[in-house]
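Chemist: Prediction below, plus the sequence it came from.
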Amino acid sequence: MFDRLIDHHCHGVTLAALDRAGFEALMSEAHRPGSPAFVSQFDKPLGLVLRRHCAPVLGLEPMASPEAYLARRMALGPTEASRRLLAAAGVSAMLIDSGHRADEILDCAGMAELAGVPSHEVVRIEAVFEAAAGQGDPLRAFAETLAARAATAVALKSVVAYRSGFAIEQTRPGAAELSVALARWQRACEAGRVRLEDPVLLRHALWVALELAAERRLPIQLHVGVGDRDVVMPRCDPGWFVPFIEEAEARGVPVMLLHCHPFERECAWMAEVWSNVHVDVGFTLNFTGPSALRPLRDLMEMAPFAKQLYSSDAFGLAELHLLGRVQFERALTRILADWIAAGDLPLAEAERIAAMIAWENAARVYELGQ
């Protein structure tokens, strides 16, 4: 049922030799993952499924101890361990957000070589803007760089939910408003605070990206809900962002809502109501571990099957690429099996739905030609 799988949102892996603290830091969204000292990242849902499903790939018994697992991983070396785990994930293609901690992880070319499958770039809008800091004309540098990067990318992505939340004014800022905000940000940059958080500049960046996406026929990915402590969760409800989504709909730009937890049902409703909205529960499946069935079931209560996609949102650890597949395959198989048992659909229909979500929708929306 899952002979093909496109991961439409993920990141590269690190080939650094990780000690236990470094490994556990990549299992965590916490600001201080090693604090308090009595909390191990292996003692949470993600840790359970990692030990259960990744240990055998590295030649250990399921549920090997964290100590045994990390020793085996170190003995194999990070490159060989990552290669085995990515091979076990068995994806057909990866769409990689290249804008987060890019100096620490493999880029698209590196991931393609390590995993042996096509990798395509997703350009993070805010990272391009931040890279323009210090330019004589940051707004022009941003627009030109984004256009150049988009020429070989398959999508653009915004983390506005992290930076200001969705509950902001969503019209295009005027010249005077933009000038004041730019001067304020440039002063912050001179003081070493380059991170783009100003709602006015974020609006400008989104509008530039929207027009470029419409011109180049590119989707825009939007981070929704769960993440690290930067997230102010009530402001991450995508319902706040309807004005921008409707602008995208008017221009024929697909909007891809990523992760969606704890707003799975809200996102499913939005995929039902707006023609351009697509959804996944990527990050959520790994971090909910044995309970991953629930968020996917919530999403599938209403969202059209042609608008659901698979993603892992794996970052740093190849284990998360493998677990993304394992968690998705197990949860979707269980849901469809329950529907079959209830007499709601035959096996052939279940296989058709699974193929849509696993790879067909991504191939169509991102125009991958597969």
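Modeler: Cool, got the structure.
Chemist: Settle this for me: Ala64 is touching Arg51, isn't it.
Modeler: Yes. Under the criterion of Cβ atoms under 8 Å, Ala64 makes contact with Arg51 at 6.1 Å. For the C-beta atoms, the positions are set from N, CA and C on the backbone; glycine is no exception.
Chemist: for the longest helix seen in the chain, packing partners?
Modeler: Identified as the longest helix of the chain according to DSSP state H is helix 318-341. Other elements packing on helix 318-341 under the criterion 3 or more Cβ pairs under 8 Å, 6 or more residues apart in numbering; DSSP states H and E are strand 6-10, helix 45-54, helix 78-89, helix 282-288, helix 293-300, helix 347-355.
Chemist: Tell me which helix or strand comes right after the shortest one.
Modeler: Looking back up the chat, that one is strand 6-10. Once the chain leaves strand 6-10, the next helix or strand it forms, by DSSP states H and E, is helix 20-25.
Chemist: ok, residues contacting that following helix?
Modeler: Applying Cβ atoms under 8 Å, 6 or more residues apart in numbering, the external contacts of helix 20-25 come out as Ala16, Pro33, Gly34, Ser40, Gln41, Phe42, Pro66, Leu70, Arg73, Leu317.
Chemist: Inside helices: which ones of the residues you listed?
Modeler: Using DSSP H, the contacts of helix 20-25 in helices are Pro66, Leu70, Arg73.
Chemist: returning to what we had before: adding mean pLDDT, write the helices and strands packed on helix 318-341 out as a markdown table.
Modeler: Converted to a markdown table, the helices and strands packed on helix 318-341 look like this (pLDDT from 0 to 100):
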| stretch | mean pLDDT |
| --- | --- |
| strand 6-10 | 98 |
| helix 45-54 | 98 |
| helix 78-89 | 98 |
| helix 282-288 | 95 |
| helix 293-300 | 97 |
| helix 347-355 | 97 |
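Chemist: Any stretches of this structure with poor pLDDT?
Modeler: Within the chain, the ranges that satisfy pLDDT under 70 run 370.
Chemist: hmm, back to that, how far out from the middle of the chain is the longest helix of the chain?
Modeler: 17 Å (Cα atoms, centre = their mean, to the nearest Å).
Chemist: looking at the helices and strands packed on helix 318-341, which is closest to Leu196?
Modeler: Shortest distance between Leu196 and those, using Cβ to Cβ, is found for strand 6-10: 20.4 Å.
Chemist: Given the closest one, what are its sheet partners and their directions?
Modeler: Each strand that pairs with strand 6-10, with its direction, by DSSP bridges: strand 93-97 (parallel).
Chemist: any residues touching the partner strand, and which ones?
Modeler: 6-12, 107-108, 111-112, 115, 117-122, 124, 154-155, 157, 221, 362, 366, 368, 370.
Chemist: Of the residues you listed, keep whichever come out buried.
Modeler: Those of these that meet the buried threshold are 6-12, 108, 111-112, 115, 117-122, 124, 154-155, 157, 221, 362, 366, 368, by 16 or more other Cβ atoms under 10 Å.
Chemist: quick revisit: among the contacts of strand 93-97, which are in helices?
Modeler: Within these, residues falling in helices by DSSP H are Cys108, Met111, Ala112, Ala115, Ala362.
Chemist: Break the protein down into its domains, please.
Modeler: 6-15+89-365, 18-76 (automatic domain parsing).
Chemist: Save those as CSV, and put in distance to Arg83 too.
Modeler: CSV is the format used below for those (distance: least, Cβ to Cβ, whole Å):
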stretch, distance to Arg83
domain 6-15+89-365, 6
domain 18-76, 9
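Chemist: Deepest-packed of those, please.
Modeler: Comparing the domains of the chain by mean neighbour count (mean count of other Cβ atoms under 10 Å), domain 6-15+89-365 ranks first with a mean of 19.
Chemist: Figure out the length between the terminal residues of it.
Modeler: Its first and final residues considered, domain 6-15+89-365 spans 12 Å by Cα to Cα, to the nearest Å.
Chemist: cool, and stretch 167-177?
Modeler: Stretch 167-177: ends 18 Å apart by Cα to Cα.
Chemist: Over to stretch 304-324?
Modeler: One end of stretch 304-324 to the other measures 21 Å (Cα to Cα).
Chemist: what about Ala271, distance to Leu182?
Modeler: Per Cβ to Cβ, to the nearest Å, Ala271 is found 35 Å from Leu182.
Chemist: returning to what we had before: quickly list what's touching both of Ala64 and Arg51.
Modeler: Joint contacts of Ala64 and Arg51 (Cβ under 8 Å, 6+ apart) do not exist.
Chemist: and Leu309, what is it in contact with?
Modeler: Counted by Cβ under 8 Å, 6+ apart, Leu309 has contacts Ile6, His8, Met256, His278, Val279, Asp280, Ile357, Asn361, Ala362, Val365.
Chemist: Let's see that with 10 Å instead.
Modeler: The contact partners of Leu309, by Cβ atoms under 10 Å, 6 or more residues apart in numbering, come to 6-9, 95, 256-258, 278-282, 356-362, 365-366.
Chemist: quick one: stretch 246-262 to chain centroid distance?
Modeler: Going by Cα atoms, centre = their mean, where stretch 246-262 is centred and where its chain is centred differ by 14 Å.
Chemist: Kindly report the same for stretch 233-248.
Modeler: Counting by Cα atoms, centre = their mean, stretch 233-248 comes out at 17 Å from the chain centroid.
Chemist: That one: end-to-end distance?
Modeler: Stretch 233-248: ends 23 Å apart by Cα to Cα.
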